[in-house]
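[1] fold the following for me, if possible:
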Amino acid sequence: MYEIVLVDDDVIVIEFLKKVIPWQEYDFQVVASFQDSNEALAFMQENPFDVLITDIGMPKLNGIELIEQLKKSNINSYNVILSCHDEFTFAQQAIKLEAYDYILKESMEETNIIALLERLKQKLDHERYTNNQHVIVTKFLERTTRNDDVFKAQKYVQTHLGEKISLTEVAAHLHLNSSYFSRMYKKETGEGFVEYVTRVKMEKALELLDHPGNSAEQIAYELGFESKGYFLKTFKRFYGISPRTYKNQDKVTVKNTT
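    Numbers count the residues shown, from 1 in each chain. Here you go, the predicted structure:
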């Protein structure tokens with residue numbers, strides 16, 4: 001449903017438009033009507049609407065001035081001007097302000113207004129469709145970019161397992177804010193980035209422990225841990241057992257529980 005604001009200092013015109021025109025049949029509704037153009041401006045600056053239908057010759061702000069004020073406030077709407085004056089200068093001003101239509105009150109009949117609404121609805125429907133498509137494409141591109149960033153982050157981890165890897169370091173590598181990267185990675189994968197790094201290193205640790213010649217100290221060094229003690233602590237917290245116990249028990253059981 002598209003929203004319309006009516007502005008005219010002639011109450012008869014307002015009542016004609018509100019009561020005679022079947023707005024809802026054409027997917028429109030009159031959300032507000034004003035005889036005072038200043039009150040109308042205040043309302044439109046604070047509330048969303050799609051179409052303004054305004055008289056051109058009013059005290060205080062006339063229709064042209066009212067539209068100018070809306071444009072200064074960066075309010076985009078389709079504006080229709082009503083006038084009792086068949087004067088070229090008014091039409092010129094309306095065209096400069098990109099008014100959607102200019103209607104003489106002398107020829108303002110129900111059929112004319114309905115024809116205007118049909119054109120407006122087609123225009124607004126197309127605009128809404130275009131905006132929706134833009135949102136869909138933008139979201140797709142954002143998701144693709146996020147997936148690409150996740151892939152690059154994981155690839156970085158895989159190729160730097162022998163180093164101490166920090167979230168800040170990887171975010172900088174991807175030219176991303178570290179807080180944004182942390183939230184994005186968790187949202188896209190369901191796993192925190194630090195948890196991912198730990199998991200990958202622990203999985204690699206199992207592979208290395210399967211080789212009898214590898215000591216815990218050597219593995220800690222190969223996986224970028226700052227000390228053997230920190231590696232042992234991390235391994236036990238992750239698997240629930242020490243590397244020594246792992247070597248002496250059913251390794252398949254341990255691997256299947258990770």
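[2] let's verify residue 6: helix, strand, or coil?
    Three-state call for residue 6 (DSSP: H, G, I helix; E, B strand; the rest coil): strand.
[3] quick one: the helices in the stretch 1-150 of the chain?
    11-20, 37-46, 63-72, 88-96, 110-159 (DSSP state H, counting those that start in this stretch).
[4] and those helices, which one is worst for confidence?
    Least confidently modelled of the helices of the stretch 1-150 of the chain is helix 88-96, at a mean of 66 by mean pLDDT.
[5] TSV please, covering the helices of the stretch 1-150 of the chain and showing mean neighbour count and distance to residue 246.
    All C-beta spots, glycine's among them, are computed from the backbone N, C-alpha and C. Shown next, in TSV, are the helices of the stretch 1-150 of the chain (neighbours: other CB atoms under 10 Å; distance: least, CB to CB, whole Å):
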stretch	mean neighbour count	distance to residue 246
helix 11-20	14	80
helix 37-46	16	67
helix 63-72	19	72
helix 88-96	14	80
helix 110-159	13	23
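[6] can I get those in TSV including distance to residue 197?
    Listed next are the helices of the stretch 1-150 of the chain as TSV, based on distance: least, CB to CB, whole Å:
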stretch	distance to residue 197
helix 11-20	65
helix 37-46	50
helix 63-72	53
helix 88-96	61
helix 110-159	6
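[7] the ones you listed: which one's closest to residue 2?
    Nearest to residue 2 among the helices of the stretch 1-150 of the chain is helix 110-159 (5.4 Å), distances taken as CB to CB.
[8] what's around the closest residue to residue 112 other than its chain neighbours, how many residues?
    Leaving aside its chain neighbours, residue 112 sits nearest to residue 103 (6.8 Å; criterion: CB to CB, 6 or more residues apart in numbering). Residues near residue 103, counting by other CB atoms under 10 Å, number 17.
[9] measure residue 103 to residue 201 for me?
    73 Å (CB to CB, to the nearest Å).
[10] for residue 9, same thing?
    Distance from residue 9 to residue 201, by CB to CB: 76 Å.
[11] again, but for residue 230
    11 Å.
[12] over to residue 214?
    14 Å.
[13] which of the two has more neighbours?
    residue 201 (23 against 16).
[14] got a list of what the more buried one touches?
    Residue 201 makes contact with 161, 223-225, 234, according to CB atoms under 8 Å, 6 or more residues apart in numbering.
[15] equivalent analysis for residue 62, please.
    Per CB under 8 Å, 6+ apart, neighbours of residue 62: 37, 55-56.
[16] surely residue 162 and residue 222 touch.
    Yes: Residue 162 lies in contact with residue 222 (CB atoms under 8 Å); the separation is 5.8 Å.
[17] which one's more surrounded, those two?
    Set residue 162 next to residue 222 and count neighbours by other CB under 10 Å: residue 222 wins out with 16 against 12.
[18] need phi/psi at that one.
    Dihedral pair for residue 222: phi -70, psi -30, per degrees, to the nearest 10.
[19] from residue 214, how far off is it?
    Counting by CB to CB - residue 222 and residue 214 are separated by 8 Å.
[20] what's the overlap in contacts for those two?
    residue 208.
[21] select, out of the helices of the stretch 1-150 of the chain, the one closest to residue 209.
    Using CB to CB, the helices of the stretch 1-150 of the chain put helix 110-159 closest to residue 209, at 18.9 Å.
[22] what's downstream of that closest one, the next helix or strand?
    Counting by DSSP states H and E, the element after helix 110-159 in chain order, helix or strand, is helix 167-173.
[23] distance from that next one to the middle of the chain?
    Using CA atoms, centre = their mean, to the nearest Å, the mean C-alpha position of helix 167-173 is found 25 Å from that of the whole chain.
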